[in-house]
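A.B. asks: Following is a predicted model, sequence given first.
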Amino acid sequence: MLSKKSVLLLICILLIRPLMAQEQKEFSISMNKVKLSFMLDEKGTPVYEISYGEKQIIKSSQMGFVFSNNDNFNSGFEITNSEKKSVDETWKPVWGEVSTIRNHYEQIIFHLKQTNSKRLLDIDFKVFENGVGFRYEFPQQPNLKYFIVTNELTHFNLTGNHKTFWIPGNYDTNEYLYTTDLPENYEAHIDAFQFIKDVPVDWDDTKILEAEPGDYLTIARKEKGKSNWFIGAITDENSRVASFPLSFLDNGIKYLATIYADATDADWKDNAAAYTIKQFVVTNKNNFSLRLAKRGGTAVSIIPASLTELKQIKAMKNAKK
């Protein structure tokens with residue numbers, strides 16, 4: 001026969017086990033191949049994981065904070081509620097890289113309460129087709145009015161030795177670096193300066209044609225309200241050939257492509273101002289192969305050709321049949 005103490009202990013165990021199971025329950029949301037998983041571990045610490053298809057990108061990573069006086073705010077939590085939401089909307093920027101922007105994501109917000117202090121914390125995740133974003137929110141509450149964060153414990157436990165990149169924060173723009181030059185420095189290269197005169201600042205579309213972060217980038221942008229395209233390519237300390245199709249051009253239109261390229265003897269240190277300008281008639285069947293010198297680049301304007309230009313300028317020969 002069980003004693004009263006044994007019965008009481010058994011009841012406590014039975015009550016605790018469901019609570020522990022609830023704390024370690026895993027939640028997940030996904031969009032296409034991107035999947036987010038979230039749970040509280042055995043210490044009540046928020047933990048998340050991210051995968052892409054069958055490949056894990058971020059392994060189990062903890063979240064939370066430490067406040068002044070070594071005040072722990074990263075464990076002892078319980079999930080009081082969660083909210084899911086699907087968003088798919090578009091909006092038109094006044095000025096920018098594209099004419100319309102699609103805001104499409106799956107959202108889940110976890111409402112957490114630290115059991116010993118009764119303090120509240122919300123973690124808001126958004127899963128997009130190409131990544132995951134999250135933020136911490138501190139709801140208005142009597143038990144957490146003023147605090148100083150001495151350590152943020154957000155981990156990013158990557159599955160490999162991946163490259164990471166960051167940019168300095170700015171309250172309204174990332175365009176924080178500007179350079180100036182003397183007008184007379186352009187006078188000897190007024191033909192190359194034509195590209196600067198032609199290129200707009202507002203766009204209907206932006207396409208990344210090829211890229212490797214930290215190494216090279218080729219980008220194409222379509223002028224807002226027109227059929228004009230402008231391409232820019234840049235590379236690091238290694239020379240390379242930027243190769244890409246012009247399939248993004250409108251079908252049935254012949255364009256005049258003006259290519260501002262590094263000369264064969266261009267060198268960033270000894271011959272930085274060496275360049276060539278060539279023109280061809282192109283269509284969306286053509287492919288570009290642009291040589292980039294070390295730390296060099298190429299600019300291209302692609303504008304619908306006039307009848308006169310069609311008669312005077314040769315067509316590029318690598319068009320697909």
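C.D. replies: Good, I have the coordinates.
A.B. asks: and Phe77, how far is that from His104?
C.D. replies: With distances taken as C-beta to C-beta, to the nearest Å, Phe77 is found 30 Å from His104. In short, each C-beta sits where N, CA and C put it, glycine included.
A.B. asks: Look at these two and report which has more neighbours.
C.D. replies: Phe77 (25 against 13; other C-beta atoms under 10 Å).
A.B. asks: my guess is the more buried one meets Leu40, correct?
C.D. replies: Yes - counting by C-beta atoms under 8 Å, Leu40 is a contact partner of Phe77 at 5.9 Å.
A.B. asks: any shared contact partners between the two?
C.D. replies: Pro46, Leu112 (C-beta atoms under 8 Å, 6 or more residues apart in numbering).
A.B. asks: Low-confidence stretches in the stretch 101-250 of the chain?
C.D. replies: 165-186 (pLDDT under 70).
A.B. asks: can you map out the helices along this structure?
C.D. replies: 4-23, 184-187, 194-198, 307-312 (DSSP state H).
A.B. asks: and the ones you listed, which one is worst for confidence?
C.D. replies: Note on the helices of the chain: helix 4-23 shows the lowest mean pLDDT, a mean of 46.
A.B. asks: thought His155 was touching Met63?
C.D. replies: Yes - taking contacts as C-beta under 8 Å, His155 lies within contact range of Met63: 7.3 Å.
A.B. asks: More neighbours: these two, which one.
C.D. replies: Neighbour tally, His155 and Met63, criterion other C-beta under 10 Å: the higher count belongs to Met63, 20 against 15.
A.B. asks: got the contact list for that one?
C.D. replies: Residues near Met63 by C-beta under 8 Å, 6+ apart: Thr45, Pro46, Val47, Tyr48, Asn74, Ile123, Tyr136, Leu153, Thr154, His155.
A.B. asks: Count residues in the vicinity of Ile313, would you?
C.D. replies: 19.
A.B. asks: Arg291 reaches Ser239, doesn't it?
C.D. replies: Yes - counting by C-beta under 8 Å, Arg291 touches Ser239, with 7.3 Å between them.
A.B. asks: what about stretch 286-299, start to end distance?
C.D. replies: The first and final residues of stretch 286-299 sit 17 Å from each other (C-alpha to C-alpha, to the nearest Å).
A.B. asks: before we move on, what about stretch 196-212?
C.D. replies: 25 Å.
A.B. asks: Any buried residues in that stretch, and which?
C.D. replies: Trp203, Asp204, Leu209 (16 or more other C-beta atoms under 10 Å).
A.B. asks: Also stretch 258-272?
C.D. replies: Those would be Thr258, Ile259, Tyr260, Ala261, Asp262, Ala266, for stretch 258-272 by 16+ other C-beta under 10 Å.
A.B. asks: and what of stretch 304-320?
C.D. replies: Ala305, Ile313, Met316.
A.B. asks: What of stretch 27-43?
C.D. replies: Per 16+ other C-beta under 10 Å, stretch 27-43 contains these buried residues: Phe27, Ile29, Met31, Val34, Lys35, Leu36, Ser37, Phe38, Met39, Leu40.
A.B. asks: farthest pair in these?
C.D. replies: Greatest spacing in those, by C-beta to C-beta: Met31 and Leu40 (23.4 Å).
A.B. asks: just the strands in the stretch 151-300 of the chain please.
C.D. replies: 203-212, 216-223, 229-235, 240-245, 255-262, 275-282, 287-292, 297-304 (DSSP state E, counting those that start in this stretch).
A.B. asks: Now distance to Val98 too, for these, in TSV please.
C.D. replies: Output for the strands of the stretch 151-300 of the chain, formatted as TSV (distance: least, C-beta to C-beta, whole Å):
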stretch	distance to Val98
strand 203-212	6
strand 216-223	9
strand 229-235	13
strand 240-245	19
strand 255-262	21
strand 275-282	23
strand 287-292	22
strand 297-304	18
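A.B. asks: which one of the buried residues of stretch 196-212 sits closest to Glu309?
C.D. replies: Lowest distance from Glu309 to the buried residues of stretch 196-212 (C-beta to C-beta) belongs to Asp204, with 23.0 Å.
A.B. asks: still on that earlier bit, report the buried members of the contacts of Met63.
C.D. replies: Thr45, Pro46, Val47, Tyr48, Asn74, Ile123, Tyr136, Leu153.
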